[in-house]
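Peer 1: For reference, the sequence and a predicted model appear below.
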Amino acid sequence: MDARKRRVTVFLTEKEYEKLYTQSQASGIGMSAYLRNLILERQVRQRDITGYSELLQELSNMDAVVFKAAEQAKAEGISQDKVDQIISLLDNIWNTVKRSL
């Protein structure tokens, strides 16, 4: 990635600033990143956190079930490698959700 060496100063009205602030907050990124995305003609989406707490609760429930199943599988003689794969998959799911914020 190229180092950012150039700075641009922009004067905005209060209304323009509020719109920029609101839209960048809704997208989950800072104002500078928001403006860079617009300049580069990248699509900037609002993050949708509707139902997010329910999703986290379901993932937490799934985490407990998978962990219990992995422990039971390990006790029944399934290899540690297979148990590690299950746990790794669950970690990947959690990280994907966290990044979506």
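Peer 2: That came through fine.
Peer 1: what comes up buried for the lengthiest helix in the chain?
Peer 2: In the chain, ranked by residue count with DSSP state H as the criterion, the top helix is helix 52-75. Buried positions in helix 52-75, judged by neighbour count with 16 or more other C-beta atoms under 10 Å: residue 70. Just so you know, the C-beta spots here come from the backbone N, C-alpha and C atoms, and that holds for glycine as well.
Peer 1: And it, what does it pack against?
Peer 2: In this structure, helix 52-75 packs against helix 80-99, with contacts taken as 3 or more C-beta pairs under 8 Å, 6 or more residues apart in numbering; DSSP states H and E.
Peer 1: Okay, angle between the helix it packs on and helix 52-75 too, please.
Peer 2: 170 degrees (axes from the mean of the first three to the mean of the last three C-alpha atoms, to 10 degrees).
Peer 1: where does this structure have low pLDDT?
Peer 2: Applying pLDDT under 70 to the chain flags residues 1, 45-51, 99-101.
Peer 1: Which residue ranges make up the domains of it?
Peer 2: 8-47, 52-99 (automatic domain parsing).
Peer 1: chain center to the first one, what's the gap?
Peer 2: Meaning domain 8-47. Here the centre of domain 8-47 is set off from its chain's centre by 19 Å, with C-alpha atoms, centre = their mean, to the nearest Å.
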